[in-house]
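In: The following comprises the amino acid sequence and a computationally predicted model.
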Number of protein chains: 2
Amino acid sequence: MSQPSIPKGTRDFSPEEMAKRNYIFDTIREVFKLYGFRQIETPAMENLSTLMGKYGEEGDKLLFKILNSGDYLKDLSNEELLEKNSTRLATKISEKGLRYDLTVPFARYVVMHRNEITFPFKRYQIQPVWRADRPQKGRYREFFQCDADIVGSDSLINEVELIQIADEVFSRFGIRVSIKLNNRKILSGIAEIIGEAEKITDITVAIDKLDKIGLEKVNEELASKGIPQKAIEQLQPIILLQGTNEEKLNTLKTVLKDSETGIQGVNELEYILNKLKIVGMRCELELDLTLARGLNYYTGAIIEVKALDVQIGSITGGGRYDNLTGIFGLSGVSGVGISFGADRIFDVLNQLDLYPKDSIQNTQVLFVNFGEKEEAHILPLILKMRQTGISTEIFPEAAKMKKQMSYADSNKIPYVAIVGENEINEHKITLKDMTSGEQKSLSLEECISILS
Amino acid sequence: MSQPSIPKGTRDFSPEEMAKRNYIFDTIREVFKLYGFRQIETPAMENLSTLMGKYGEEGDKLLFKILNSGDYLKDLSNEELLEKNSTRLATKISEKGLRYDLTVPFARYVVMHRNEITFPFKRYQIQPVWRADRPQKGRYREFFQCDADIVGSDSLINEVELIQIADEVFSRFGIRVSIKLNNRKILSGIAEIIGEAEKITDITVAIDKLDKIGLEKVNEELASKGIPQKAIEQLQPIILLQGTNEEKLNTLKTVLKDSETGIQGVNELEYILNKLKIVGMRCELELDLTLARGLNYYTGAIIEVKALDVQIGSITGGGRYDNLTGIFGLSGVSGVGISFGADRIFDVLNQLDLYPKDSIQNTQVLFVNFGEKEEAHILPLILKMRQTGISTEIFPEAAKMKKQMSYADSNKIPYVAIVGENEINEHKITLKDMTSGEQKSLSLEECISILS
């Protein structure tokens, strides 16, 4: 019999990993709830008609498709089969696919349930998604997204609250981060005033290199992308944009004064920054014009979070997108959201060793098993411990002491309770601290108060 | 554009439903943890080589199979295609399938990770599974299983603890249940002494009808199944088995005295019942010989839980199975487990309206939005509330009061905080109790103490 394995790009999660992952999900969930977001879940499988065409041509290829049940070849002609066109045949033998992200299913949810939903609708969703990407370090075919979105409200208070959520989540994790902010309208304004609307990606990519290659090389790169000299000159204050967020905003106000869209973007950013000043932020907050993620997608604020002490891509991102549900025929519903990258946060917490000790601990105490007579004595003690909320185990067999101790050790159980004949006679429990090795003879109540 | 929909047999879960489902999962998880079980998760997709042949021929058909990525038709001959054999072609164009239950993936996990695992291994797992069953009321194509199993231990203490877990879980839910117990070895013993080993299912089905059709008809049914008159006579004490669990055990001891296996089953049951008497049970516990679930599967204890106040199939089941991992080449690993049926428990809690009020509540207070000036004043108040753990929302726009109130109403938010010009001047918050309609003028601290 061959060794069993799992599909490439997928993972098993051990108890240790699950404890860490639960700590991450629980922290994010708690903050989402604190801000009034309400959880939904959608099925792992969606109709392919819901998914196809929503992620570009490349995305369509990365969808996992489910083979129709039953005799799926029944209605196919010989010609259709012999054509050997995998893409075309897929549409005939597969009607369902695995969810690729949480955004499209959410849009589908909002449209399907629009009569039950009270808008604005603040929802969060923590579920796995699947992509048939080439697996590589840190990239999986099954991974988890943690999204919070508000739909049906244009108010910038939503952006403010999403940034507060990021601030709160990373403060709770103890991860030092920089929250980077931009606004699609500012980028549009820049493109507008220099008359190079379609070159905005080239421009942001070039600006991003300033620290690395210097001003001269940045200008050369812009020129090489076909941006005229005059436009490059107009871009200089933007490339060299520095100082506090307020100073940057002031520069932008001057540079963008002739672009209505640009000024609107500046005003939006200013509103958001002002409100965040009122509530106070613990994380660094930086206006960053090179932030151009999801440029075809976002229409207003763009948010990205970078860890300061670990070399890794962005660990959280989000922004405002208008017309989320338009793809399903419901227009005029604006949305703004944030998505935490659980897998990368997992890596960061691991690298910085930031897990609180009690978050990754399971059982608090193991009762040694000496045989049936002792079992009868300790079962009620164990019940009492559990009744006070102490996670308690009894080793199921009267195995050698060494084996039972090594079980406690491997499972990182901090205390072992020993109740043999002496302890039974004296109505005591010998409690061994597995870290210090210290043993104490205690009453049940004393044990409970130590373990609680 | 056509209305979007979801695949048949799948479900979206609304915030209300999620709150209820989380209450169910959290309760079960908490009890699992209290008993020292540790969580694992496995991927949604498994290799078909792991899944096929494990659930019988019917099960193989009910697996959701994933179409291979890329040009999956490339290596197929014209002959293979024109054969139009859906089953055979599936093996060439699909290598992965969605998990069908949590047991086979767990067995696969144990074998793959056997060098990292310290046995006995107590694991729990709460994840969805998928079956291409015909959808019908209460049966879905995506549903959740909540399993706890111990592998690598023959001790009956495990059975005792699993029954304690069921007792604890249903006590916490407030669902009145009967926990039914049987032992495969007793059934084998019965078959052995009457010399009708292969008729054991017919026998249990017939015995089960005693209450409905009476002794005479039961005996007729047994005869009609080809069981000889002498065997039917020997079965009489078993068909008429009544009284307390102890009385039943005593009868069985007499009837089964010539079957070593049968007596072993009786002794196992006796051990379990004795230990449960020591710790005390809150739920009804009944020795039930008609319990024959998973007969081909279980080798020792069989456990089933039935709700007493709702007409529904069993809501939890489990038992001992030897050689779980044998299918993957690792023999000699005995296991015993229990599986809670979350979907049926959901239905029972709904029908009996047993959800604790605070388990299904999200936001505790909504701040009315009167405009930007008031926003600036209340944002710090909201932050303080959240810092004390109170789930707080601000309505994102300065909409009409009626709209904001109706938002609170629809989302079952119990309190609304009103802070207009007067309140700002007086440093007060007007807190409205949405149930009683009562309004009070309070300080922030007073609000917090009411809402905490």
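Out: That came through fine.
In: rest of the way, CA atoms for contacts and neighbours
Out: Fine.
In: closest point of the stretch 51-200 of chain A to chain B, which residue?
Out: residue A:66 (4.5 Å; CA to the nearest CA).
In: Can you give me the neighbour number for that residue?
Out: Using other CA atoms under 10 Å in any protein chain shown, residue A:66 is surrounded by 26 other residues.
In: before we move on, what about the one 3 residues further on?
Out: Neighbouring residues of residue A:69 were enumerated by other CA under 10 Å; the total is 18.
In: same deal with residue A:270?
Out: Look at residue A:270: counted by other CA under 10 Å, it has 16 neighbours.
In: In contact with whichever residue of the stretch 201-350 of chain A sits closest to chain B, which residues?
Out: Closest to chain B within the stretch 201-350 of chain A is residue A:279: 5.4 Å, counting by CA to the nearest CA. Residue A:279 sits next to B:379, B:380, B:383 when contact means CA atoms under 8 Å, 6 or more residues apart in numbering or on different chains.
In: Can you get me a residue count around the first one?
Out: If I follow you right, that is residue B:379. The number of residues packed near residue B:379 is 19, by other CA under 10 Å.
In: Now that it has come up, it's in contact with residue A:278, right?
Out: Yes: Residue B:379 lies in contact with residue A:278 (CA atoms under 8 Å); the separation is 7.4 Å.
In: got the residue ranges for the helices in the stretch 201-350 of chain A?
Out: Assigned by DSSP state H, counting those that start in this stretch, the helices in the stretch 201-350 of chain A fall at A:210-224, A:229-239, A:245-255, A:260-279, A:342-352.
In: which helices and strands sit right next to the second one?
Out: The contact analysis (3 or more CA pairs under 8 Å, 6 or more residues apart in numbering or on different chains; DSSP states H and E) places helix A:229-239 against helix A:184-194, helix A:210-224, helix A:245-255.
In: In stretch A:256-273, which residues are buried?
Out: Neighbour counts over stretch A:256-273 (16 or more other CA atoms under 10 Å in any protein chain shown) mark A:256, A:259, A:261-266, A:268-273 as buried.
In: Next, format these as a markdown table and append pLDDT.
Out: Supplementary listing: the buried residues of stretch A:256-273 in a markdown table, determined by pLDDT from 0 to 100:
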| residue | pLDDT |
| --- | --- |
| A:256 | 94 |
| A:259 | 94 |
| A:261 | 95 |
| A:262 | 95 |
| A:263 | 97 |
| A:264 | 97 |
| A:265 | 97 |
| A:266 | 97 |
| A:268 | 98 |
| A:269 | 97 |
| A:270 | 97 |
| A:271 | 96 |
| A:272 | 97 |
| A:273 | 97 |
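In: Report the two of these separated the most.
Out: Farthest pair in those (CA to CA) is A:259 and A:273. Separation: 21.0 Å.
In: Can you list the low-confidence ranges for the stretch 1-150 of chain A?
Out: A:1-2 (pLDDT under 70).
In: Helices along that one, start to end?
Out: So, for the stretch 1-150 of chain A - with DSSP H, counting those that start in this stretch - the helices run A:15-34, A:48-51, A:56-62, A:78-82, A:86-93, A:103-112.
In: can you redo the ones you listed as JSON lines with distance to chain B?
Out: Output for the helices of the stretch 1-150 of chain A, formatted as JSON lines (distance: least, CA to the nearest CA, whole Å):
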{"stretch": "helix A:15-34", "distance to chain B": "4"}
{"stretch": "helix A:48-51", "distance to chain B": "7"}
{"stretch": "helix A:56-62", "distance to chain B": "7"}
{"stretch": "helix A:78-82", "distance to chain B": "6"}
{"stretch": "helix A:86-93", "distance to chain B": "5"}
{"stretch": "helix A:103-112", "distance to chain B": "6"}
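In: can you tell which of those is closest to residue A:407?
Out: That would be, of the helices of the stretch 1-150 of chain A and by CA to CA, helix A:15-34, which comes in at 14.4 Å.
In: So which bits of the stretch 351-452 of chain A are right by chain B?
Out: Counting by CA under 8 Å from any CA of the partner chain, the residues of the stretch 351-452 of chain A close to chain B are A:362-363, A:376, A:379-380, A:383, A:386, A:389-393, A:396-397, A:407, A:410-411.
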